[in-house]
Structure formats: C-alpha cells, structure tokens
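A.B. asks: For reference, the sequence and a predicted model appear below.
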Amino acid sequence: MFIAIKKGIRVFKNDAQVFKSFLKEITKDALVVMEATGYYHCLFAQFLHKKKVQVSVVNPLSVKRFIQMKLAKVKTDKSDAKAICEYGHMNEVPLYTALTDVQAECLQLFRLLDNYLKKRTQIKNKKHGEEVLGIPSKYVYGSLKRDLKHLDKEIKGIEDRLLELVKQDQQHQLTLLKSIPGMGMKTALFLIVVTDGFKKFETASQLCSYVGITPTIRKSGSSVRGRSRISKVGNKKLRNLLFLCTFSACKHNKSCREIYERIVNKRRSKKLALIAVANKLLKQAFAIAKSGRPYDENFVSKLV
C-alpha cells in the first residue's frame with residue numbers, strides 16, 4: 001500500500017510484521033488517515049490503535065469528491081495517497097474506534113451470512129428454472145436441492161452463533177429492540193453490532209445519516225427541482241434490512257403505519273413512504289436503546 005508521510009510517498013506491505021517499521025516513520029502525535037477498503041484497512045487500523053496511534057478511517061466517497069473538487073487529472077496509487085493526506089489536513093475527521101473480539105467476529109459472520117443468502121437466492125432461482133424445464137436432469141435437480149439443504153444448515157448455524165455472541169454482551173439491548181413492533185431479530189442484531197450498542201452515535205439523525213436513509217434535496221433556482229432521494233452514502237446491508245422491516249412495521253407499529261398512510265394519502269410514492277417508515281423505525285430504535293426502556297407507544301412518540 002502507498003502511504004504519504006512527511007518524507008514523501010512510501011510503500012508498505014499490508015502485513016503486521018511490516019507495520020512495525022511504519023511506526024518509525026511517524027511522530028507520537030501523528031494522525032493516520034486511511035480509506036475504508038473492505039477487509040484491507042482493518043488489520044492496519046487495529047494495529048495502530050493498539051499502539052496508541054490516532055487513526056481515522058474515512059469514507060472513500062468523501063475522498064473521491066475531495067479529489068474531484070481539486071479537478072485532478074491524474075489518478076494513481078501515489079496521487080490517491082497524497083490526496084488522503086491532504087484530506088486529513090483540511091477536514092475534521094472522526095477518530096477510529098477499535099472493534100472488540102465479539103464485534104469483529106459478528107461483522108465477519110454478517111458478511112458470510114450475506115454471501116450465503118445471495119448464493120441461496122441464486123440456487124433457488126436455478127432450481128425453479130429446472131422445474132420450468134420439466135427437470136430433464138434428475139442429477140442437476142438433486143445437486144441443487146443438496147446445495148440448498150447445505151446452505152440452510154450453514155445459515156442457521158451463523159444466525160445461532162450471532163445470537164449467542166450478542167447475548168453475551170448486549171442481551172438487555174437486544175430485548176429492548178425486539179420489543180419494537182416490526183423490528184426483526186436479524187436487524188436488531190446487526191444494529192447492535194455496527195453501532196457498538198449505539199455508543200458510536202450521539203443523535204438519531206447521525207445514525208440515520210450513517211445508514212443512508214436521510215433525504216437529499218435536488219433544487220437549483222426556480223427551474224431545477226429534482227426528486228428528493230435518499231442518501232446512499234451509508235451502510236447498505238443495514239439499510240436493506242430496515243427496508244424489509246418496514247412492511248411488518250406498517251401493519252403492527254402505529255407510528256409507522258400513520259406516517260405511511262399520511263404520505264400515501266398525499267399521492268406520494270409508496271417507496272417514499274416506506275423510506276420514511278424506515279427512518280421512523282430507526283429513530284424509535286435509537287430512542288429505546290438510549291432510554292433503556294422497552295417499547296411504549298406513548299413514550300416513544302414523545303421522543304421521536
């Protein structure tokens with residue numbers, strides 16, 4: 001990986017043994033800024049955090065827009081490293097919070113679960129296709145059925161392990177979130193994991209922005225009035241889980257049902273109404289988690 005430091009651009013392998021030599025290149029009060037790059041930044045960020053070095057992991061899209069604003073015509077690993085360094089100097093960046101062992105395993109489990117769920121959907125579609133063809137190959141059809149059975153077993157195992165881990169640290173909070181009408185177990189688990197028990201956010205608005213269900217307004221002068229859309233700069237997995245919860249929340253959660261009906265009655269799109277329901281559901285979760293009280297329709301309505 002390319003890293004911009006005072007001495008210029010240096011190249012380091014993404015390896016724990018090599019990281020030790022990087023420490024010799026920086027001062028004790030240094031701030032190390034890096035992009036979130038899936039798996040690859042985690043090892044370096046965790047290493048620096050354990051060594052008491054200030055670290056910030058920033059959204060790659062924020063850096064990309066920063067580079068675009070500079071009208072840069074060259075894009076290489078070296079130029080990107082320099083741009084990230086400049087971004088850290090010019091912006092107030094959030095400090096990285098290291099994951100606990102439980103959080104790290106939970107996130108790994110969720111990534112694997114997401115992968116298996118997508119694979120299961122693909123196999124189900126393939127199996128349906130074979131059925132439409134009249135199952136000309138019994139071996140192919142049988143293989144698909146065996147694949148589905150194996151995936152169902154793995155998915156059940158992952159979900160059981162996730163529940164076991166969250167119960168170790170956050171049993172009370174899990175119970176609180178499950179008391180919200182429409183809040184599914186999987187969504188409650190993921191919310192607790194990615195928010196570190198809601199400690200990472202001070203307000204519900206910050207959490208909604210992180211998930212990416214806050215509206216973005218497109219308006220310029222008196223002639224350009226674009227449709228309001230949600231900001232998709234956020235946690236896609238959590239956003240999708242919340243969206244699935246909205247269908248149940250519209251039926252069983254009074255506040256969510258009211259906001260859905262109000263928007264639909266104004267002849268706005270049902271999708272926009274469901275986004276508003278997801279926003280409401282997330283704010284309810286935040287209010288309940290912070291208050292430490294189970295869902296109460298009258299109490300929650302005062303908070304959100």
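C.D. replies: Everything's here; your move.
A.B. asks: distance between the longest helix anywhere in the chain and the chain's centre?
C.D. replies: Ranked by number of residues, the top helix in the chain under DSSP state H is helix 138-178. With Cα atoms, centre = their mean, to the nearest Å as the basis, helix 138-178 stands 19 Å off its chain's centre.
A.B. asks: Check which element follows that helix along the chain.
C.D. replies: With elements assigned by DSSP states H and E, the helix or strand that comes after helix 138-178 is helix 185-194.
A.B. asks: Only C-alpha atoms, please: export that next one in CSV.
C.D. replies: Provided in CSV are the C-alpha atoms of helix 185-194 (Å, rounded to 0.1, in the frame of the first residue of the first chain):
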residue,chain,number,x,y,z
MET,A,185,-34.2,-10.3,15.0
LYS,A,186,-31.6,-10.0,12.3
THR,A,187,-32.0,-6.2,12.0
ALA,A,188,-31.8,-5.8,15.8
LEU,A,189,-28.6,-8.0,15.9
PHE,A,190,-27.0,-6.0,13.1
LEU,A,191,-27.9,-2.7,14.6
ILE,A,192,-26.3,-3.6,17.9
VAL,A,193,-23.1,-4.8,16.2
VAL,A,194,-22.5,-1.9,13.8
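A.B. asks: before we move on, back to that, which elements pack onto the longest helix of the chain?
C.D. replies: Using 3 or more Cβ pairs under 8 Å, 6 or more residues apart in numbering; DSSP states H and E, the elements in contact with helix 138-178 are helix 101-132, helix 185-194, helix 270-291. Quick note: C-beta positions are derived from backbone N, CA and C, even for glycine.
A.B. asks: Using a markdown table, please lay out those helices together with mean neighbour count, distance to residue 201 and mean pLDDT.
C.D. replies: Formatted as a markdown table, those follow (neighbours: other Cβ atoms under 10 Å; distance: least, Cβ to Cβ, whole Å; pLDDT from 0 to 100):
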| stretch | mean neighbour count | distance to residue 201 | mean pLDDT |
| --- | --- | --- | --- |
| helix 101-132 | 14 | 15 | 90 |
| helix 185-194 | 22 | 10 | 88 |
| helix 270-291 | 21 | 7 | 92 |
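A.B. asks: Nearest to residue 253, out of those?
C.D. replies: Smallest distance to residue 253 across these (Cβ to Cβ): 7.1 Å, for helix 270-291.
A.B. asks: so what does that closest one touch, helix or strand wise?
C.D. replies: Against helix 270-291 (3+ Cβ pairs under 8 Å, 6+ apart) you get helix 138-178, helix 204-211, helix 236-252, helix 254-265, helix 297-303.
A.B. asks: now those as JSON lines including mean neighbour count, mean pLDDT and distance to residue 130?
C.D. replies: Conversion of those to JSON lines gives the following (neighbours: other Cβ atoms under 10 Å; pLDDT from 0 to 100; distance: least, Cβ to Cβ, whole Å):
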{"stretch": "helix 138-178", "mean neighbour count": "15", "mean pLDDT": "93", "distance to residue 130": "5"}
{"stretch": "helix 204-211", "mean neighbour count": "19", "mean pLDDT": "85", "distance to residue 130": "38"}
{"stretch": "helix 236-252", "mean neighbour count": "18", "mean pLDDT": "90", "distance to residue 130": "27"}
{"stretch": "helix 254-265", "mean neighbour count": "16", "mean pLDDT": "94", "distance to residue 130": "39"}
{"stretch": "helix 297-303", "mean neighbour count": "12", "mean pLDDT": "69", "distance to residue 130": "48"}
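A.B. asks: Let me have those in CSV, adding distance to residue 65 as columns.
C.D. replies: Below are the helices and strands packed on helix 270-291 laid out as CSV (distance: least, Cβ to Cβ, whole Å):
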stretch, distance to residue 65
helix 138-178, 34
helix 204-211, 16
helix 236-252, 18
helix 254-265, 31
helix 297-303, 34
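A.B. asks: Which of those sits closest to residue 70?
C.D. replies: helix 204-211 (24.6 Å).
A.B. asks: and the gap between the residue most central in space within the chain and residue 210?
C.D. replies: Nearest to the mean C-alpha position of the chain, by Cα atoms, centre = their mean, lies residue 235 at 2.6 Å. Separation of residue 235 from residue 210 (Cβ to Cβ, to the nearest Å): 6 Å.
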